[in-house]
Every structure is written in C-alpha cells, then in structure tokens.
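Visitor: Sequence plus the predicted model coming up.
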Amino acid sequence: MKAERLLQVILAPVITEKATFIAESGAKPQIALRVASDATKPEIKAAVEMLFKVEVESVSVLNRKGKVKRTGRYVGRRRNNRIAYVSLKKGQELDFSEVN
C-alpha cells in the first residue's frame with residue numbers, strides 16, 4: 001500500500017464517552033478512529049502501524065448512518081461515519097501527541 005493512501009485513511013480520533021471507556025478499560029487496549037468511508041481493514045491496520053509506530057492485533061469497523069435533522073420546515077442530514085475500533089497488542093500504547 002502506498003504511503004499517500006495510508007495518510008488519507010485515518011481522519012480523526014473519536015472522542016466520546018464510549019471511546020474513552022474502551023480505551024481505559026480491559027486488558028486489551030482499543031482506540032476508536034474515524035476513517036475514510038472506503039477504507040478497508042488491512043489499510044486501517046497498516047495506517048495505524050505506520051503513523052503511531054505500534055503493533056495492531058485486530059480491527060473492527062462500524063458504519064454509522066447519519067441522523068436526519070429538521071429546522072422548521074427544512075430537512076437536513078448529518079454525514080455518515082465509518083468508525084474503526086483498533087485493538088493493540090499487549091504492552092502497546094498509543095500516544096496522539098507523538099504522531100509522525
């Protein structure tokens with residue numbers, strides 16, 4: 001996989017109550033990341049390993065549909081999200097402040 005493509009796969013970390021709970025709890029640390037809608041599991045794994053210099057054990061992907069919102073008579077829609085839950089190998093830790 002090309003480095004250009006891997007840099008476009010990860011969009012942002014997900015900072016929610018659930019993501020914080022998953023990151024802090026359990027023997028298997030996990031990180032929730034918002035990824036490109038066409039990203040595959042091998043691409044996500046390679047991108048995380050390249051950017052953060054950690055070893056990835058597994059990747060789970062979730063497609064979240066955007067909610068329909070109204071303001072008066074106007075109907076809008078939030079964008080769809082693809083979220084990856086990345087499990088790191090034992091002893092690995094991810095630090096967002098040291099991204100290369």
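Guide: Structure received.

Visitor: tell me the mean pLDDT for stretch 84-97?
Guide: Across stretch 84-97, the average pLDDT comes to 83.

Visitor: Sorry, wrong one. I was asking about stretch 43-56.
Guide: Here the average pLDDT along stretch 43-56 is 92.

Visitor: C-alpha coordinates for it, CSV please?
Guide: The C-alpha atoms that make up stretch 43-56 are tabulated as CSV, following Å, rounded to 0.1, in the frame of the first residue of the first chain:
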residue,chain,number,x,y,z
GLU,A,43,-5.5,-0.3,5.1
ILE,A,44,-6.6,0.8,8.6
LYS,A,45,-4.2,-1.6,10.3
ALA,A,46,-1.2,-0.5,8.1
ALA,A,47,-2.0,3.2,8.6
VAL,A,48,-2.2,2.9,12.4
GLU,A,49,1.1,0.9,12.5
MET,A,50,2.8,3.4,10.2
LEU,A,51,1.6,6.6,11.9
PHE,A,52,1.8,5.6,15.5
LYS,A,53,4.6,3.0,15.5
VAL,A,54,2.5,0.4,17.4
GLU,A,55,1.6,-3.2,16.7
VAL,A,56,-2.1,-3.8,15.9
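
Visitor: how about it: buried residues?
Guide: For stretch 43-56, a neighbour-count test (16 or more other C-beta atoms under 10 Å) marks 43, 44, 45, 46, 47, 48, 50, 51, 52, 54, 56 as buried. (Each C-beta comes from the backbone N, C-alpha and C, glycine too.)

Visitor: what packs against the host helix or strand of the fifth one?
Guide: Okay, so that is residue 47. According to DSSP states H and E, residue 47 maps onto helix 41-52. Using 3 or more C-beta pairs under 8 Å, 6 or more residues apart in numbering; DSSP states H and E, the elements in contact with helix 41-52 are helix 3-9, strand 10-13, strand 30-35, strand 56-64, strand 81-88.
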